Each structure stands twice: as structure tokens, then as C-alpha cells.
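S.K.: Okay, predicted coordinates and the sequence, questions at the end:
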Amino acid sequence: MQERTFKRLLTPVALRHKTLRNRIVFGAHTANMAVEGLPTERHAAYYAERAKGGAAMVVVEPVPVHAAAVLTRGNFRHSDDGVIPHFRKVTEAIHEHGAVAVQQLYHVGQHGDADNSFHAAWSPSGLPSYHDSDGSHRMNEAEIEETIDGFVQAARRCREAGFDGVEVWAAYHGMLDQFWTPWSNRRDDRWGGSLENRTRFSREVLTRIRKLCGEDFIVGLAVNDEPDVEVALKREATAEIIAHHDRDGLIDYVTCGSGGYFDFYKLMPTFLYPEKLGADLASVLKGAVSNALVTAESHIRTPENAESVLSEGMADLVSIVRGQIADPHLANKAREGRPEDIRGCLSCNQMCWGRRSRDYWISCVVNPSAGREWEWGGDTFRPALVSKRVLVVGGGPAGLEAARVAAERGHKVVLAEASDRLGGQFRLAGLQPRRAQVLDLLGWYERQLQKLGVDIRYNTYMEADDIAAEAADEVIVATGSLPPETGFQRALPQVETLPGIERGRFFSAEAVMAGEARPGKRVVVFDEGGNWKGCGTAWKLAEDGHEVTIVTPDPLVGKELQRTTADFPLRRNLARLGVRFVTESAILEWTGSAARVAFFLDGREELIEADALVFAATNVAEDSLARELTERGIAFTAIGDCLAARQVPYAIHEGRKMALAL
């Protein structure tokens, strides 16, 4: 029955000399895992897990083709045959599980990063970078030839390392796109001007790769869609270029993403954007090609999304990246008729793009094994040698993951939750605008725990005597954290308690989201974290008709969300709802009807009238049970926020790590 549901998605398709077992691609993205420019065990296991999980084609993260193209600390070595034996371990790991292995080749052109490359960025016309504030060098004829050869030799190394093909990166206004786009190609020689001249660079790259690497070698191309950017190529112009390459037999497939260096927020779109963003361009290109397959990429999270894109004829393949980071076995679960068992991506970017933006290797909020497959064994957990009775106290993210993994490994698990539902304060995040994916994840946990036979006890408040009476072999305490009641602000460390909170109308963000507070018409939200707790609460209040002012010590609202590319779309939504931003400020006093605000830059003060003051600040660990157990000498392990208040990835990580150690 399910095969009929995903009939198009699960249909094999020929690609050059290979047959893909289904239409699901694990597309290229920077995992940033290289050590001294070489792929490691971490890389091999990361990609192998997605191949094992059923992906038909794995596109390994981009390798820079030239010294000017190096962009991240974790980039692979360019121009060095020494990478070949190391990549061979990656391709062998992918092939072992039946997937086709392709590597992406890239050059960012004018958008270089001198901090990593220590090389001038090379570009067609010497325009400035949109990656940082540097300028770029206008390439001469010899440097153009050198760059073309960089692509060709990188492809040769891929072939010798066992890759089945390469995907040449022309997306996001990278080097090839810079030659294609009139705005960035202002040359008056044979590399600029007419369409024939502007595509000469890409045609030379692709022609020479085919000549050197042979007919039995897949050559793909990656492009992107930026319809809201005036200077970017329009879809019709991109289609004309792709048709030109397709007509000459230069490409076997083309991948369509969204966003780019001009519109970075859509490059890895968060939940603030609609799904299936890459499908519109894919549909246009599908009508322009005669030979190449078309892959739709960008915010296609689920098999249902993918099937709809394919069944509507918008593409031949779908690239599900973050969805397969979150659940590497997505493809197999779809094939087996178990889509309800797929652990859904939150489209939050917190541990994938968020860690990459800080130049760390990537992971995943909901799948802490991402990047640790070589160490933790991927998403299939080894059975426990001895089945134990495990008591988990607390049904927030840490407790849920500990209970799930422990039960999956064969332990008998009791999960005691003090309230009448699972999720803890994480559930409140799912009540913020556009964040229902959090509630979907909690629904997934409930289904998994029921299938695994976990004894879930709601409305069960556990004390030391209760825990002792359970006589469990292992006790895991995951009691979470609580919002502070003092109004303490890190920007004013000398003030332990905010003057005036005893006057009332002072609420935590958690109380507001839980519906426990009636804040009135005018609300001041003090956001110390610069993340979703404060910003999402302000958005919810504004959406519900409140007049909201956000006060933050940071230089901009949503500072911590910059790393996830959610900050600007968030601020735009808040601004449209009339939210006032007060930055680089602290609250000196709450009068009961107004907040007295101090501005750091000029020392002035302002009284902002309000019916309520809502605080979004760092929580305090709820460790009273842990302290009681310690005093009684009852053995336990504490995980999550009851150790220290943090964000959800670390709670889920500790839950899984603890359960794997049982």
C-alpha cells in the first residue's frame, strides 16, 4: 500500500551509467568535518549511514578546486592528489550500502574568505565579496585557464578516488554563476558579453571534465533560484543557460536550490519559509532540458513533500538534506511503509548550519548521532548485553530521548512525568508561530515510546522515597529547569533582583506561552538570550494583538539567531506586526505600569509604559530531586537542564549518550 503512496519516489531511474534505486538524493552540503584538509572516519561513517538508510545518491560535500576557493576550516585540500586514498574510504563506505557516490566541486569566486584561504578571491570582474567585506581580483586569461584546470583536476581526483561522478557548483552566485550573470560579468573579452561568451567558462569546465574522466562518469550541475534579487539571473535566463549545456550533452543532471549570497536566508531556509522552495525553478528547467535529469532541492523535508514534487512533474529527483540529517533512514522507512516513524527535521538550522556558521563540524538537534556515527554506531543502536529496569524522571527532551534509546536497546523503561503531557518546556516552543514542527517531534516521541512498550506515568511527581521504592537498576533524573524569579540581567551583574517586580505584572516567557499569564494590551519583553524563547514569545504576543516592545542588551534583536539565518526573516515579521525594537539596553526598574530602560550607548533613560513585563532570561536548573537523592545516597545520573540550563540540542544529546552507555 505504501509503495503506491510513494510510487514515484521509490521508482528507480537511470543516470548515465548507473541506475539509482529510488529518486532520493542526499545532496551536497558542508559537513565541515575534514582534519588537516582530509576526510576522516567521521566523514565516511556520516555518508555511509545515509546510504545505509536508503538514499539512492550521496553527493559528498564540496571540495574547493583552487587556493582562492577555500571557504571553511573544514574544507578539503585543493590541488593535492594526497586526498585520493582518503576519499577512497568514503566512496567505498557509500558503495557498500548500494548508493551512487558523487562529489561536488566548487569555487566561490568573488565571495571568498581570506581568513581561511589567505588568498585573494578571484572573480570575473573584481567585484566585492558578499561573504565578508573584502574585494576580489579580476582574473586575467592565464588565471581563468588555471581555474578551469582546477575544476578538471579536481574531477580527475574524484574519479581516481572511486566517485561515480561530480557535481559542478554553479549555484548561489559562485564562480560559474558570476560568469553567467551580466551584473557580475562586466568583461569585454571572449569571457563576457554575449550568452555564448558568458557560458564559455562553464562549457570549458564541463567539456574538459568529460574528456578527461570518460563517458562512464556522471557530470552534474548545481544552480539556484533568487527571484527576489534584481541582479540575479531570472528563472528564464537560467533555463536558457541550462538548455544550452543540455543540448550539447554536457550535463547528466541539474540540481535546483534556493537563495544564495544575495539572499542568504533562503540558502538553507528555516521554518519561517514555505517548503519545497527549489521546486519552482526545477519545474522551469524540467521544461527546458531534453536529456538531463532535474533535481529539486531546498526545504523538501519529507517523503510526502518529495512525492508531491515528483508526481506533479516538477522534477525527476529530490534532494532531501536536512531531512536525512535528522533521520538517515528516511528513505528506507518510506520504502517499508513506515513514514510515521521518520524523525522529522525541525528546519531550525541550529546544529547544522548553526554549527557550520561557527566553523564547527555539523550535527543535528533531533539526531545527536549526526557527525558521531563512527563513534556511536549511527541510528541503529546495539542491543544491551543485560536488560535493566530503568527509571527516567522527567518527560522533557532529555528524558524522552533517554527513555526511547534505552527501550530500543532492550531495557525495561518507566518514564515518570509530573505533568499531564510530554515535552516539558520544549512543548511551549511548539506553540510559537510557525514552530508546530516541535509538536510533531513530540508526537513522534509518543508514538515511539508506545511502540517500544515504555511505561509512561503522567501526573507522577517523584521524590526520593518514590524512587527508592521503584528499585530500578538505573535512575535517570531529567527534571529540567525553571525560569528565574528575580529579574536578574547579565548586563547589570551588580543588581541581584530587579527593583519593582514585587509590584506584580511580571511574568516569564514560559508563563506567557503556557497561557498562565494575562499580560494586558501593552507588553515589554526583555530578551536576554537573543533566541527563540524571547523572540518567539514576542512574535506570539504581537500576533495575538498585543502592542509589544522588545528590549535587549544585544546590538540587534535575535542576535543568537544569526547563526541559523533566521534573524532577518524574524525581525521582518516582527516589524510588520509593529513590534518596537530597543537594543543595547537594560531594564533598571519595573514600576508596575512601566519599565525604566537604560540605553548603554549614551546613558539616557526612558520610561516605557506597559501593562506587563515579560522576561526571557537564562533558566535555573531544577536540581532539587538530584540533591535529595545525593543526600540519601541513592545512585542516579542527571542529564539535561537539571545539570545546567541550556538549549534543547544538549538535552537530547545527553539523553542519547546516557542511554547508549547503559
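M.R.: That came in fine, so what should we check first?

S.K.: Tell me who's in contact with Thr255.
M.R.: When contacts are counted by C-beta atoms under 8 Å, 6 or more residues apart in numbering, Thr255 touches 25, 27-28, 59, 167, 171, 220-223, 295, 297, 319. Any C-beta I mention is one placed from the backbone N, CA and C, and that applies to glycine too.

S.K.: Mind checking which of these land in helices?
M.R.: Among these, no residue falls in helices (DSSP state H).

S.K.: ok, and for the lengthiest helix in the chain, which residues are buried?
M.R.: Ranked by residue count and defined by DSSP H, the top helix of the chain is helix 141-160. For helix 141-160, a neighbour-count test (16 or more other C-beta atoms under 10 Å) marks 144, 147-159 as buried.

S.K.: Need those in JSON lines (columns: pLDDT).
M.R.: Putting the buried residues of helix 141-160 into JSON lines (pLDDT from 0 to 100) gives the following:
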{"residue": "Ile144", "pLDDT": "98"}
{"residue": "Thr147", "pLDDT": "98"}
{"residue": "Ile148", "pLDDT": "98"}
{"residue": "Asp149", "pLDDT": "98"}
{"residue": "Gly150", "pLDDT": "98"}
{"residue": "Phe151", "pLDDT": "98"}
{"residue": "Val152", "pLDDT": "98"}
{"residue": "Gln153", "pLDDT": "98"}
{"residue": "Ala154", "pLDDT": "98"}
{"residue": "Ala155", "pLDDT": "98"}
{"residue": "Arg156", "pLDDT": "98"}
{"residue": "Arg157", "pLDDT": "98"}
{"residue": "Cys158", "pLDDT": "98"}
{"residue": "Arg159", "pLDDT": "98"}
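
S.K.: Work out the gap between the longest helix of the chain and the centre of the chain.
M.R.: In this view, helix 141-160 has its centroid 31 Å away from the chain centroid, taken as C-alpha atoms, centre = their mean, to the nearest Å.

S.K.: In CSV, list the C-alpha atoms belonging to that helix.
M.R.: The C-alpha trace of helix 141-160 is given here as CSV (Å, rounded to 0.1, in the frame of the first residue of the first chain):
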residue,chain,number,x,y,z
GLU,A,141,43.3,34.9,-19.2
ALA,A,142,46.0,32.8,-17.6
GLU,A,143,44.2,32.8,-14.2
ILE,A,144,40.9,31.8,-15.9
GLU,A,145,42.7,28.8,-17.5
GLU,A,146,44.3,27.9,-14.2
THR,A,147,40.8,27.9,-12.6
ILE,A,148,39.3,25.8,-15.3
ASP,A,149,42.1,23.3,-14.9
GLY,A,150,41.5,23.4,-11.1
PHE,A,151,37.9,22.1,-11.8
VAL,A,152,39.2,19.4,-14.2
GLN,A,153,41.9,18.1,-12.0
ALA,A,154,39.6,18.0,-9.0
ALA,A,155,37.2,15.9,-11.1
ARG,A,156,40.2,13.6,-12.0
ARG,A,157,41.0,13.1,-8.3
CYS,A,158,37.3,12.3,-7.7
ARG,A,159,37.3,9.6,-10.4
GLU,A,160,40.6,8.1,-9.1
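
S.K.: oh, and call the first residue 6 from now on, that's how I've got it
M.R.: Happy to do that; since the first residue is 6 now, the last one works out to helix 146-165.

S.K.: Make CSV out of the buried residues of helix 146-165 and add distance to Thr491.
M.R.: Output for the buried residues of helix 146-165, formatted as CSV (distance: C-beta to C-beta, whole Å):
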residue, distance to Thr491
Ile149, 63
Thr152, 59
Ile153, 63
Asp154, 64
Gly155, 58
Phe156, 59
Val157, 64
Gln158, 62
Ala159, 57
Ala160, 61
Arg161, 64
Arg162, 59
Cys163, 58
Arg164, 63
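
S.K.: Out of those, flag the one nearest to Thr243.
M.R.: Checking those against Thr243 with C-beta to C-beta, the nearest one is Phe156 at 19.8 Å.

S.K.: Would you check that the closest one makes contact with Val70?
M.R.: Yes. Using C-beta atoms under 8 Å as the test, Phe156 is close enough to Val70 to be in contact (4.8 Å).

S.K.: what's the overlap in contacts for those two?
M.R.: Residues touching both Phe156 and Val70 (C-beta under 8 Å, 6+ apart) are Leu110, His112.

S.K.: is it true that Val419 touches Val397?
M.R.: Yes. Counting by C-beta under 8 Å, Val419 does reach Val397; the two are 7.0 Å apart.

S.K.: neighbour-wise, which of the two wins?
M.R.: Neighbour count, other C-beta atoms under 10 Å: between Val419 and Val397, Val397 has more, with 32 against 18.

S.K.: Now do the phi/psi pair for Leu420.
M.R.: As for Leu420, its main-chain torsions (degrees, to the nearest 10) stand at phi -120, psi 110.

S.K.: Contact partners for it?
M.R.: Contacts of Leu420 (C-beta under 8 Å, 6+ apart): Val397, Gly400, Gly404, Leu405, Ala408, Leu454, Val459, Asp460, Ile461, Arg462.

S.K.: ditto for His142
M.R.: Here His142 is in contact with Ala125, Ala126, Trp127, Ser128, Gly131, Glu148 (C-beta under 8 Å, 6+ apart).

S.K.: likewise Leu322?
M.R.: Residues near Leu322 by C-beta under 8 Å, 6+ apart: Val18, Leu25, Arg28, Ile29, Val30, Met62, Tyr258, Leu298, Val299, Thr300, Ala301.

S.K.: Correct me if wrong: the fifth one contacts Val323.
M.R.: Read that as Val30. Yes. Assessed by C-beta under 8 Å, Val30 is found in contact with Val323 at 6.7 Å.

S.K.: which residues do the two both contact?
M.R.: In contact with both Val30 and Val323: Thr300, Glu302, using C-beta under 8 Å, 6+ apart.

S.K.: Comparing these two, which residue is more hemmed in?
M.R.: Between Val30 and Val323, Val30 has the larger neighbour count (other C-beta under 10 Å), namely 32 against 29.

S.K.: any idea how far His112 is from the more buried one?
M.R.: Per C-beta to C-beta, to the nearest Å, Val30 is found 22 Å from His112.

S.K.: residue closest to the middle of the chain?
M.R.: The centre of the chain sits closest to Asn354, judged by C-alpha atoms, centre = their mean, with a distance of 2.9 Å.

S.K.: Skip the chain neighbours and tell me the closest residue to that one.
M.R.: Sequence neighbours aside, Thr569 is the residue nearest to Asn354 in space, at 3.8 Å (criterion: C-beta to C-beta, 6 or more residues apart in numbering).

S.K.: what's the neighbour count on Leu390?
M.R.: Count around Leu390 with other C-beta under 10 Å applied: 9.

S.K.: Is it within a helix or a strand, and which one?
M.R.: Using DSSP states H and E, Leu390 sits in no helix or strand.

S.K.: Next, it: phi, psi?
M.R.: phi -70, psi -40.

S.K.: what do you get for Arg637?
M.R.: In terms of degrees, to the nearest 10, the main-chain angles of Arg637 are phi -90, psi -10.

S.K.: what sits against the residue nearest to His34 when sequence neighbours are not counted?
M.R.: With C-beta to C-beta, 6+ apart as the criterion, His34 has its nearest non-adjacent residue at 5.3 Å, and that residue is Val326. Contact partners of Val326, counting by C-beta under 8 Å, 6+ apart, are Phe31, Gly32, His34, Glu302.

S.K.: Closest to Ala331 out of the residues you listed?
M.R.: Taking C-beta to C-beta as the measure, Ala331 lies nearest Phe31 of the contacts of Val326, at 12.0 Å.
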